[in-house]
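Peer 1: I'd like to go over a predicted model; first the sequence, then the structure.
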Amino acid sequence: MGTSVMLLQVLSGSLPRKFCPDLNLGSFDTVLGNKSHVKYRNNRYSAYVQSLKSRVLQSCAGSCGNAIQAIGNISFGKSSIDRFQFLTCPCQKAESISGLTAEEVNGNWLVEAKNKSNPIKGEVNSPNVIGFQEVQPLEFEKEGLASNGNLNRGGVGGKISRKARIDSIEDEAWKLLEESMVYYCGSPLGTIAAKDPTSSNILNYDQVFIRDFIPSGIAFLLKGDYDIVRNFILHTLQLQSWEKTMDCHSPGQGLMPASFKVRTVPLDGDEFATEEVLDPDFGEAAIGRVAPVDSGLWWIILLRAYGKSSGDLTVQERIDVQTGIKMILKLCLADGFDMFPTLLVTDGSCMIDRRMGIHGHPLEIQALFYSALLCAREMLAPEDGSADLIRALNNRLVALSFHIREYYWVDMKKLNEIYRYKTEEYSYDAVNKFNIYPDQIPPWLVEWMPKKGGYLIGNLQPAHMDFRFFALGNLWSIVSSLATKDQSHAILDLVEAKWSDLVADMPFKICYPALEGQEWRIITGSDPKNTPWSYHNAGSWPTLLWQFTVACIKMGRPEIAAKAVEIAEKRLSIDKWPEYYDTKRGRFIGKQACLYQTWSIAGYLVAKQLLQNPSGAKILTSEEDLELVNAFNCMIDSNPRRKRGRKPSKKSYIV
């Protein structure tokens, strides 16, 4: 007990505390002006304190079973901002730390230890926190049926055996996810991309990627572990404004890094002292040197999910967080030479981060862009300085939704229209607005398109339509309501109709079909990693399970996702959680795939959690509001054969 008191005195400031100095935010202008990352220092006291901490935790393990919790607040202008200064064990009384009670600490809560044997069971998100009615869990195990759909001759015993095997897979996944966690000054900060003990060629897979952490963050939120997500949001925000240079050029203000790494470096002037530094990568060290466009969009989506799941809205209301949201929006909404409401980006700026012919206006970026705009509008504080930004945001939402729904959508009816397009049309009345030549319709699509179903194409530019099916863009168009209700159902209809192509032996195809032959050589530059039916070139990615599950639950068709999850469970654990799978049916582990890939693990866990508790999907989905519906209907009435002399609508939108 004496050791526990001594440690608390050290941590609360009663004794010298040199191992973790205060985060000097200063004024609001100082934070935005310095653009500097946060540094925590561990000097010669750290070894002694770590020893004390270990002894305290050992003495408390039986009563609380939790790691230390981070609490505290600091003054930020006129606002109170939480930060992570004091470390305490949950079994200690909160009022014993610096005289603060749990009620006095802004935004602080203590999460009780979860049942390690099955962390999914029980109440994950209570309805009074999320604000949604309870949805009955999906029962996808039928009595007397084996996992392959055949009669189970073992009866009840066979069912119990299968359930035990599935529970074992989930336990293993949670264990691996916890082992991938990265700590910064004693607090959990994120998860590394992969932790393969059998490989020495780690490249940058030992870093925390923003896009890779999203399924990990959602898994923790659904489990009720909020601290790691909160830490991730706030620390990546501090990295946002770094003035990194690449060939003497700086990225746009507001750009979020692709990844970061916690490095321990010697402290100048003291041979015994070290400091922990967050080292971000904005693309200047990445293969291909491509700046990430989707990082900031995912960050906004995760921020909203954190607030909805935890009920803690103080994070999104902070001045620095509000500023971070605005900086991302201003970067995305900046004026340019582009004439379309879609976001113009370079090749490899999203999940497909290598040359794959997606430069221009790829669907994945547009779906994330639309989702981030909706989330930001929901979280932005109403004030005079935000009026112009919110107005631009609303105009972009309407124009973007019309553009994607009208021009990216293909089904049998739309294909027949394109097949009969007239070209070289000039005027406002043109039907073929982008001068698409009918010969662009690929032969494979003529045979592949089912009678029932459709999808959003991968890209649209003047005289060019990329007819490939890209999974993430279509799935997130459902989640964000970028696609209409009918279109969303049609996308799932197509997935069911083309199950053997898009799911087969391992869900889910990142795109379909693969680039092959001369087309592959020209478009990918003969990329040896993106060979046909491998990696980004139509490989199968288990992490897409969680987006697929959210989309299916949103449309009231969770049984489709359950079927895909059941397929994945047969191999993921046995194959050591690969990054991706190769071949048309996803039968082989990817030839260069990392094992124990964190977002493969997390994607599976999120899918399982959501099938157990479908109401949890509400933290990610967006419903279309009436204002957008009305504006969209007005635009449909006046397009595509709008007459120049016709009376314009009260509001004008770019289409």
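Peer 2: Cool, the structure landed. Numbers count the residues shown, from 1 in each chain.
Peer 1: in stretch 442-455, what counts as buried?
Peer 2: For stretch 442-455, burial by neighbour count (16 or more other C-beta atoms under 10 Å) applies to 445, 448-449, 453-455. Every C-beta, even on glycine, is put in place using the N, C-alpha and C of the backbone.
Peer 1: now those in JSON lines, with pLDDT and secondary structure?
Peer 2: As requested, these are exported to JSON lines (pLDDT from 0 to 100; DSSP: H, G, I helix; E, B strand; the rest coil):
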{"residue": "L445", "pLDDT": "97", "secondary structure": "helix"}
{"residue": "W448", "pLDDT": "97", "secondary structure": "helix"}
{"residue": "M449", "pLDDT": "97", "secondary structure": "coil"}
{"residue": "G453", "pLDDT": "97", "secondary structure": "coil"}
{"residue": "G454", "pLDDT": "98", "secondary structure": "strand"}
{"residue": "Y455", "pLDDT": "98", "secondary structure": "strand"}
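Peer 1: At the geometric centre of the protein, which residue do we find?
Peer 2: I214 (3.6 Å; C-alpha atoms, centre = their mean).
Peer 1: What separation is there between that residue and A602?
Peer 2: Between I214 and A602 the distance, using C-beta to C-beta, to the nearest Å, works out to 8 Å.
Peer 1: quick one on the thing from earlier: which secondary structure element is home to the residue nearest to the centre of the chain?
Peer 2: I214 belongs to helix 210-223 when assigned by DSSP states H and E.
Peer 1: hang on, the earlier thing: out of the buried residues of stretch 442-455, who's nearest L302?
Peer 2: Distance to L302, by C-beta to C-beta, is smallest for Y455 among the buried residues of stretch 442-455, at 26.3 Å.
Peer 1: Any idea how many residues pack against the nearest residue to D575 once chain neighbours are set aside?
Peer 2: Leaving aside its sequence neighbours, D575 sits nearest to I589 (C-beta to C-beta, 6 or more residues apart in numbering; 5.4 Å). Residues lying near I589 (other C-beta atoms under 10 Å) number 17.
Peer 1: Spell out which residues sit in contact with I589, please.
Peer 2: 575, 578, 581-582 (C-beta atoms under 8 Å, 6 or more residues apart in numbering).
Peer 1: any chance of those residues in JSON lines, with secondary structure and neighbour count too?
Peer 2: What follows is those, written out as JSON lines (DSSP: H, G, I helix; E, B strand; the rest coil; neighbours: other C-beta atoms under 10 Å):
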{"residue": "D575", "secondary structure": "coil", "neighbour count": "16"}
{"residue": "P578", "secondary structure": "coil", "neighbour count": "24"}
{"residue": "Y581", "secondary structure": "strand", "neighbour count": "28"}
{"residue": "D582", "secondary structure": "strand", "neighbour count": "24"}
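Peer 1: what's the farthest-apart pair in those?
Peer 2: Maximum pairwise distance in those, criterion C-beta to C-beta, is 11.9 Å, between D575 and D582.
Peer 1: could you dump the helix or strand hosting W174 to PDB, C-alpha only?
Peer 2: Per DSSP H and E, W174 falls inside helix 156-179. Output in PDB follows, covering the C-alpha atoms of helix 156-179 (Å, rounded to 0.1, in the frame of the first residue of the first chain):
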ATOM      1  CA  VAL A 156     -26.700 -30.500 -30.600                       C
ATOM      2  CA  GLY A 157     -23.200 -31.600 -29.800                       C
ATOM      3  CA  GLY A 158     -22.000 -30.500 -33.300                       C
ATOM      4  CA  LYS A 159     -23.600 -27.100 -32.800                       C
ATOM      5  CA  ILE A 160     -21.900 -26.700 -29.400                       C
ATOM      6  CA  SER A 161     -18.600 -27.700 -30.900                       C
ATOM      7  CA  ARG A 162     -18.800 -25.200 -33.700                       C
ATOM      8  CA  LYS A 163     -19.800 -22.400 -31.300                       C
ATOM      9  CA  ALA A 164     -16.800 -23.300 -29.100                       C
ATOM     10  CA  ARG A 165     -14.500 -23.100 -32.100                       C
ATOM     11  CA  ILE A 166     -15.900 -19.700 -33.100                       C
ATOM     12  CA  ASP A 167     -15.500 -18.400 -29.600                       C
ATOM     13  CA  SER A 168     -11.900 -19.500 -29.700                       C
ATOM     14  CA  ILE A 169     -11.300 -17.600 -32.900                       C
ATOM     15  CA  GLU A 170     -12.800 -14.500 -31.300                       C
ATOM     16  CA  ASP A 171     -10.700 -14.800 -28.200                       C
ATOM     17  CA  GLU A 172      -7.600 -15.200 -30.400                       C
ATOM     18  CA  ALA A 173      -8.600 -12.100 -32.400                       C
ATOM     19  CA  TRP A 174      -9.000 -10.000 -29.300                       C
ATOM     20  CA  LYS A 175      -5.700 -11.200 -27.900                       C
ATOM     21  CA  LEU A 176      -3.900 -10.300 -31.100                       C
ATOM     22  CA  LEU A 177      -5.600  -6.900 -31.300                       C
ATOM     23  CA  GLU A 178      -4.500  -6.000 -27.700                       C
ATOM     24  CA  GLU A 179      -1.000  -7.100 -28.500                       C
END
